[in-house]
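> attaching a predicted model along with its sequence, questions to come.
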Amino acid sequence: MGAGDFIERSLTQSLDHCIKCNICTTVCPVAAVADLFPGPKYVGPQAQRFRRADQPVPDVSVDYCSGCRACNMACPTGVHIAELNARARAQIVAEQGLPLRNRLIARSELIGRLGNGPHAPIANWALRQPLMRRTVEYALGIAREAPLPAFSASTFRAWFRRRERQMQPARRATQSRRQVVYFHGCATNYYEPHVGKAAVAALERNGFEVILAKQNCCGLPLISNGDFATARRYHEANVRKLLPYVRQGIPIVGTSTSCTLTLKEEAPAILGLDGPDVRLVSAHVYDIFEFLCELADRGELNTDFRPVECMLPYHPPCQLRAHRIGLPAVDVLALVPGLRLVESHADCCGIAGTYGLKREKYQIGMDVGAQLFAFIRDSGSDLALCDSETCRWQITHGSDVATQHPIEILAEAYGEE
């Protein structure tokens, strides 16, 4: 039996540990607001027992699972509920095909390339027009109210390459510095280059040379929409591109907590990928504050901070909690003089990557996020922090409060503009 077969069997057999306690249903943010989704237990381990090769496709209600993993975190017996639901959704796609809408929004790298560049202002203007949004909703099923990020006029990678050319003399003088590979993800490259700039500044302040390896989309949007074949190709490509660095012991650090979780475990587990190369890359991936927190624990973190006098609401996204690493951003930012974070205890923002963009799921996403939006508004702050890009866009959409990645506040504390 191959390694992939072992993962497959382990995942499927985990349903036998389900004791039907319904704890997963009580924590499910979607089941709490939508009758269309009967809950993780019903569509996960309970339904999985009836899914066989010669059986009809699973109940379509499984498509209303947002993949937030709250059920996994709460399950007392370790059933892989979210993964089982993702597999069931992929079975539906395999048998019925992938709708054009889902095929498009799952390709975040392609969309970013199309909208990025000198024509970004025109694309952004067009996507703000009510008539255009209504047309897109009618033609594709993307909710007219859904939060769509603004394209950047230049990519993060273009900025990094220009900066590298300017810094070559200084780079040769510091060749003995430690190195990290930065996995920026699609959002930083095409929509939020400022997040990548802040990450580079923070890593360099801690004595690291930042390497920008070749990389592609992590594949999470494809997994979430059931396109496993393409997602598998994406993950295998990332493993090939990152492997030369991790073989040298160079860590992979990312600012998108969704991308880092996908590289660490979500893609291998859900797609059934295994082997020494996959495991080696997985073992070398860190979310950026996880990485900085380990530096702090070893007494190696640069704590030469200037005061940042403010109180900011902070929402730890679902994908961060699924890392099972605590709240490293809170731990690191607690070292900044004058800065106080107030943690959100809301279950989820409701966007779940591409979930809340879909016409039939938009209102579900907004209802799921209502508690979080109220918390942000009630904080009285004009700025909120969150580690996930899609969650930041959803928070701003639902609360009218601006958002930043916590790394931007850390860069500010280091005196970076």
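Sure, I can see it.
> doesn't Asp63 make contact with Ala34?
No: Ala34 sits out of contact with Asp63 when judged by CB atoms under 8 Å, with a separation of 11.8 Å. Every C-beta, even on glycine, is put in place using the N, C-alpha and C of the backbone.
> so which of these two has more stuff around it?
Asp63 (22 against 19; other CB atoms under 10 Å).
> ok, and the closest non-adjacent residue to that one?
Arg89 (5.8 Å; CB to CB, 6 or more residues apart in numbering).
> so the one you found makes contact with Ser61?
No: using CB under 8 Å, Arg89 is not in contact with Ser61; the gap is 10.7 Å.
> okay, now Asn355: neighbour count?
Just to correct that, residue 355 is Tyr rather than Asn. Counted with other CB under 10 Å, Tyr355 comes out at 25.
> got it, and the one 10 residues further on?
The number of residues packed near Gly365 is 29, by other CB under 10 Å.
> quick one: it from Leu100, how far?
21 Å (CB to CB, to the nearest Å).
> the residue nearest the centre of the chain and Cys386, how far apart?
Nearest to the mean C-alpha position of the chain, counting by CA atoms, centre = their mean, stands Ser258 at 2.0 Å. Distance of Ser258 to Cys386, given as CB to CB: 12 Å.
> one step back: correct me if wrong, but the residue nearest to the centre of the chain is in a helix.
Yes: note on Ser258: a helix contains this position according to DSSP: H, G, I helix; E, B strand; the rest coil.
> which strand or helix spans the nearest residue to it once chain neighbours are set aside?
Nearest residue to Ser258, sequence neighbours excluded (CB to CB, 6+ apart): Gln319, at 4.5 Å. Gln319 belongs to helix 318-322 when assigned by DSSP states H and E.
> for that helix, packing partners?
Using 3 or more CB pairs under 8 Å, 6 or more residues apart in numbering; DSSP states H and E, the elements in contact with helix 318-322 are helix 70-74, helix 257-261.
> now do the helices in the stretch 1-150 of the chain.
All helices of the stretch 1-150 of the chain, identified by DSSP state H, counting those that start in this stretch, fall at 3-13, 23-27, 40-41, 47-48, 70-74, 81-96, 100-105, 108-115, 120-127, 130-140.
> model confidence over the fifth one, on average?
Spelled out, it's helix 70-74. The pLDDT scores in helix 70-74 average 87.
> so who does Val246 touch?
252, 280-281, 283-284 (CB atoms under 8 Å, 6 or more residues apart in numbering).
> confidence score at it?
On the pLDDT scale, Val246 gets 97.
> one more: the one 3 residues further on?
At Gly249, the pLDDT value in this model is 95.
> pLDDT-wise, which helix or strand of the chain ranks last?
Sorting the helices and strands of the chain by mean pLDDT, DSSP states H and E puts helix 3-13 at the bottom, at a mean of 53.
> sec struct for Val239, please.
When classified by three-state DSSP, Val239 comes out as helix.
> can you show me the strands along the stretch 201-350 of the chain?
Ranges of strands within the stretch 201-350 of the chain are 208-211, 252-254, 285-287, 310-315, 339-343, based on DSSP state E, counting those that start in this stretch.
> rewinding a little: compare Arg89 and Ser61 and say which is more crowded by neighbours.
Neighbours per residue, other CB under 10 Å: of Arg89 and Ser61, the larger number sits with Arg89, 25 against 17.
> quick one: residues in contact with stretch 184-191.
By CB under 8 Å, 6+ apart, stretch 184-191 touches 108-109, 111-113, 115-116, 149-152, 155-157, 195-196, 199, 212, 215, 217-218, 254-256, 258-259, 389-390.
> tell me how far that stretch is from the chain's mean position?
Mean-position distance between stretch 184-191 and its chain equals 11 Å (CA atoms, centre = their mean, to the nearest Å).
> could you do stretch 364-378 as well?
For stretch 364-378, the distance to the chain centre is 19 Å (CA atoms, centre = their mean).
> using neighbour counts, pick out the buried residues of it.
Within stretch 364-378, the residues that count as buried by 16 or more other CB atoms under 10 Å are 364-366, 368-369, 371-373, 375-376.
> likewise stretch 140-154?
For stretch 140-154, by 16+ other CB under 10 Å, it's 140-143, 146-152.
> can you add distance to Asn72 and pLDDT and give these back as a markdown table?
Formatted as a markdown table, these follow (distance: CB to CB, whole Å; pLDDT from 0 to 100):
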| residue | distance to Asn72 | pLDDT |
| --- | --- | --- |
| Leu140 | 31 | 95 |
| Gly141 | 28 | 96 |
| Ile142 | 28 | 96 |
| Ala143 | 27 | 96 |
| Ala146 | 26 | 96 |
| Pro147 | 26 | 95 |
| Leu148 | 29 | 94 |
| Pro149 | 28 | 94 |
| Ala150 | 33 | 95 |
| Phe151 | 34 | 96 |
| Ser152 | 34 | 96 |
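> what's the farthest-apart pair in those?
Gly141 and Ser152 (26.1 Å; CB to CB).
> ok, and the closest non-adjacent residue to Arg306?
Nearest residue to Arg306, sequence neighbours excluded (CB to CB, 6+ apart): Gly415, at 5.5 Å.
> wait, is the one you found part of a helix?
No: assigned with three-state DSSP, Gly415 falls outside any helix and is coil.
> Val336: neighbour count?
Around Val336 there are 20 residues (other CB under 10 Å).
> many thanks, I have nothing further to ask.
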